[in-house]
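Visitor: Got a sequence here, can you build the structure:
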Amino acid sequence: MKNKFIPITGIVIAILVAGFFYNKYRIAPKVKFETLELTDLNGNSVSLDSFQDKKMFINFFATWCGPCVKEIPLLLSAQQILAKENFKFVLISDEPVEQLKHFQEQTGTGFQILHSEKKLQEYKIYTIPTSYVLNSNQEIVFKKTGEEDWASDAVIQKLKKLAD
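Guide: Numbering: from 1, shown residues only. Prediction:
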């Protein structure tokens, strides 16, 4: 009896640990966007409330992150397609502002890049890229961790539908 209990306990503990790490790293957390402490690349304070009545695509990223950088051309395409749908694309990172400025110049992106004054982990964002779509009422309607083909027709149609 004692011998059967030990393997079952081990399996239960392994499942709980796996569930914890899956939840932490593979499921985008619910973020209270109104509490983010953000500045633009010139050091001016920015509140996402300033984008009222816009549908938002928010991407938490890092300049050193391969999947994040790989997504940039796809995000640019999606931004061009969704601009007529009243979407605003914003990239957010906690890296030093000078590094973000250099990245913007180097990539030539037209995105608004914002600097988070707090580390992304303080918002429970442990995986990058992590992306959110907010409707015009600033409600989260979609969230995803990891890389995505944002320019695909299927994803574009899904984002349009969800944000309406």
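
Visitor: What is the subsequent helix or strand relative to the lowest-mean-pLDDT helix or strand in the chain?
Guide: Least confident helix or strand, the chain: helix 2-26 with a mean of 59, by mean pLDDT, DSSP states H and E. Next helix or strand after helix 2-26 toward the C-terminus (DSSP states H and E): strand 38-39.

Visitor: how far out from the middle of the chain is the helix or strand following that following strand?
Guide: Heading C-terminal from strand 38-39, the first helix or strand you meet, by DSSP H and E, is strand 45-46. When distances are taken as C-alpha atoms, centre = their mean, to the nearest Å, strand 45-46 is centred 18 Å away from the chain's centroid.

Visitor: Can you list the strands that strand 45-46 pairs with?
Guide: Here strand 45-46 has these sheet partners by DSSP bridges: strand 38-39 (antiparallel).

Visitor: Please list the outside residues in contact with the partner strand.
Guide: Outside strand 38-39, the residues that touch it by C-beta atoms under 8 Å, 6 or more residues apart in numbering are 45-48, 92, 97, 114-117. C-beta: built from backbone N, CA, C; applies to glycine.

Visitor: model confidence over that strand, on average?
Guide: Averaging pLDDT along strand 38-39 gives 92.

Visitor: ditto for stretch 54-73
Guide: 93.

Visitor: so where do the strands sit in this structure?
Guide: Remark: strands assigned in the chain by DSSP state E are 38-39, 45-46, 55-60, 87-93, 112-116, 130-134, 140-145.

Visitor: Which among those strands is found nearest to Glu122?
Guide: Closest approach to Glu122 among the strands of the chain (C-beta to C-beta): strand 112-116, 8.6 Å.

Visitor: buried residues in the closest one?
Guide: In terms of neighbour count (16 or more other C-beta atoms under 10 Å), strand 112-116 has its buried residues at 113-116.

Visitor: And for it, what's in contact with it?
Guide: With C-beta under 8 Å, 6+ apart, strand 112-116 has contacts from 36-41, 46, 88-95, 97, 100, 103-104, 123.

Visitor: Brilliant, that's me finished.
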